[in-house]
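Following is a predicted model, sequence given first.
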Amino acid sequence: MRRTLDYVGLGKPAVEHDADRIGDFGTTVARMHDDEREVGPLNRLETLRMRRIRLFGTTGSILILIGSLGTGMLPVLQNPIVGTRVLSLPSRMYSTALTISIGGAIMLVVAWVMLGRYAVGRYRVEVAEGRSPARRMTRGQTDRTLLMWVAPLIIAPPLLSKDVYSYLAQSAIAYKGMDPYTYSPMRGLGVDHALTLSVPNLWKDTPAPYGPLFLWIGEQITAITGENITVAVLLHRLVAIAGVLMIVWALPRLARRCGVSAVAALWLGALNPLLILHLVGGIHNESLMIGMMLVGLEWSFRAIYGTQRLRRPDRPLPSRAGRILLAGVVVIAASAMIKVTSMLALGFVGVALARRWGATLPALRHAPVSQWWRRSRRSLAALAASAGVMGVVAGAVVVVTCLGTGLGFGWTHTLSTGGIVRSWMSMPTLLSVVAGRVGLWLGLGEQTQAILDIARPIGQLVAAVLVVRWLLACLAGRIHPIGGLGIAMASVVIFFPFVQAWYLLWAVIPLAAWATTRWFRVGTVVISGIIAIVVMPTSSDTSPLVVAQGLATGVIMVAITAMVFFIDSPIRMWVRQRHDRNRQ
């Protein structure tokens, strides 16, 4: 065909290809990263402004706590504030509580956005130009800010989600010796059980979709608390905070390993309002999953990128660095027994280990077929050895966890339980629902579920192809594995069959340690801020008018508070000028 086209003058001129040139996997994505330099601490005026911002955000958290007494996800039975004169007041004034909650969330988001100036620099200057600011907050100031913003929510009712009551019910089923992967809360505990009544209707008759390690932790909480819902919720929140502490420990270390500011990574990842509102406030097990995954990544990379041998020279046993690597792989595999998504991290650890053993992305595309084996055999051997290590260790962890907890392997059959949710944040689900509505308008009947059954597997296939692409980019050395993991998690979230607001943290937190470009940081701020406010603590029967009133009043409340709060606000400057004129 090519000779025929050339003969008639329609063929393109021949292009000389370099046989040693590898694929272009990750060349564009690699531009998301640039090294950042360490800078000095804030000066006196900047420190004063930063403290005002921190206090502003703390005030927002306190308002969220107060509003949650009326808008929080309180249990149907054993409500701890029922009958108390002061604490039950917000629950009797729902519109006021909603306004306070919305205002507090907006204050927290505004404080986080303003604090970015002292973490990554001014958005229109340093961030836009891709350079480091002159000064940053210290690590201690960042940690104290996170502590102040999280502390009020420790004693708050569950926020924005009732998932914690599903955790309690499923753990109680396991504690009774029944299989939570077979028995739903309704069948395992009974329709009128105190825990079943607080579980959302959508999940009352569905089995547990979570890993056996998480349900085992829930069993221990049930053994301590019995049927005391208030204490059990508090202990689950402490588990979520333990996950946040792991994130705070591992994220700056991973960031420094990638040449990124630890403070910038903590601001974008750990101080993110989505983490504070959903992982801490909403008590989601993603906190523990992400925290364990990051700790395992840090331990694994410490060994892989270190200078010590991974195996003892005198015998086929792991050295100290090898034991650290194995510990990291074990922790990552254990995190997948919380939620299986983190198993994806083992692929990028495996690629990093294979590269240490000499693997590269072989140049095969333009090379003769006779050279393919010679060019790729060392890489294939290293990849096979690395995959063997990852597979054996992860498999052992999964088997030990499933058998040790007594919960077995039933979780492998309930991973798609969440598919009953039609989330607008999932691209395949959104397109399917829109196509179904269009079909209804055209008189073609209700075909939404049929479209979902086709679109969701296609989306998962696309996500799998993209993950392989990012693995190849890491194998080529163009992307650091932590960046590749973040991009892969983003691909999974976009094409996942069902997506919740806090799922964005699967990608945002790893990427915070690697990505530094303007569009990523500004885009993350915009998306996180909008979603943190859009996901409101409203029940399904709340009228749009009440929501609109609460949102408008909350915005006005925040505007007035900000003008009085900040030292550079117009009101404070006007008062200061009048005071100076009177003194003269």
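Cool, the structure landed.

Remind me which helix or strand the residue nearest the centre of the chain belongs to.
When C-alpha atoms, centre = their mean is applied to the chain, the residue found nearest the centroid is L505 (1.7 Å). Under the criterion DSSP states H and E, the helix or strand holding L505 is helix 505-512.

quick one: buried residues of stretch 77-85?
By neighbour count with 16 or more other C-beta atoms under 10 Å, stretch 77-85 contains the buried residues 78-81. Where C-beta positions appear, they are placed from N, C-alpha and C, glycine not excepted.

Need the CA coordinates for that stretch. PDB is fine.
Below are the C-alpha coordinates for stretch 77-85, written out as PDB (Å, rounded to 0.1, in the frame of the first residue of the first chain):
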ATOM      1  CA  LEU A  77     -31.500   6.700  69.000                       C
ATOM      2  CA  GLN A  78     -29.100   7.600  71.800                       C
ATOM      3  CA  ASN A  79     -28.900  11.200  70.600                       C
ATOM      4  CA  PRO A  80     -26.600  12.800  73.200                       C
ATOM      5  CA  ILE A  81     -28.000  16.300  73.000                       C
ATOM      6  CA  VAL A  82     -31.700  15.400  73.300                       C
ATOM      7  CA  GLY A  83     -33.100  17.000  76.500                       C
ATOM      8  CA  THR A  84     -30.200  19.400  77.100                       C
ATOM      9  CA  ARG A  85     -31.300  23.000  77.200                       C
END
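
ranges for the helices of the stretch 301-450 of the chain?
With helices called from DSSP state H, counting those that start in this stretch, the stretch 301-450 of the chain shows them at 320-336, 344-356, 372-404, 427-441, 448-475.

And those helices, which one averages the lowest pLDDT?
Note on these: helix 427-441 shows the lowest mean pLDDT, a mean of 85.

gap between the residue nearest to the centre of the chain and Y118?
Distance of L505 to Y118, computed by C-beta to C-beta, to the nearest Å: 22 Å.

residue ranges with poor pLDDT in the stretch 451-584 of the chain?
When residues are selected by pLDDT under 70, those of the stretch 451-584 of the chain lie in 539-541, 567-584.

let's go with 90 and repeat that
By pLDDT under 90, the weakly predicted segments of the stretch 451-584 of the chain are 451-457, 459-460, 476-478, 495-502, 518-519, 533-584.

All the helices of it, in order from the start?
481-495, 505-512, 518-534, 544-565, 570-583.

Can you lay out those as CSV showing distance to R49?
Shown next, in CSV, are these (distance: least, C-beta to C-beta, whole Å):
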stretch, distance to R49
helix 481-495, 31
helix 505-512, 23
helix 518-534, 19
helix 544-565, 11
helix 570-583, 12
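
returning to that earlier point: could the helices of the stretch 301-450 of the chain go into a markdown table alongside distance to A223 and mean neighbour count?
Putting the helices of the stretch 301-450 of the chain into a markdown table (distance: least, C-beta to C-beta, whole Å; neighbours: other C-beta atoms under 10 Å) gives the following:
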| stretch | distance to A223 | mean neighbour count |
| --- | --- | --- |
| helix 320-336 | 20 | 22 |
| helix 344-356 | 31 | 25 |
| helix 372-404 | 16 | 16 |
| helix 427-441 | 38 | 16 |
| helix 448-475 | 37 | 18 |
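
and L310, what does it touch?
Residues near L310 by C-beta atoms under 8 Å, 6 or more residues apart in numbering: 303, 318-319, 321-322, 325, 356.

Mind doing that once more with 10 Å?
Shown in contact with L310 (C-beta atoms under 10 Å, 6 or more residues apart in numbering): 303-304, 318-326, 353, 356-357, 389.
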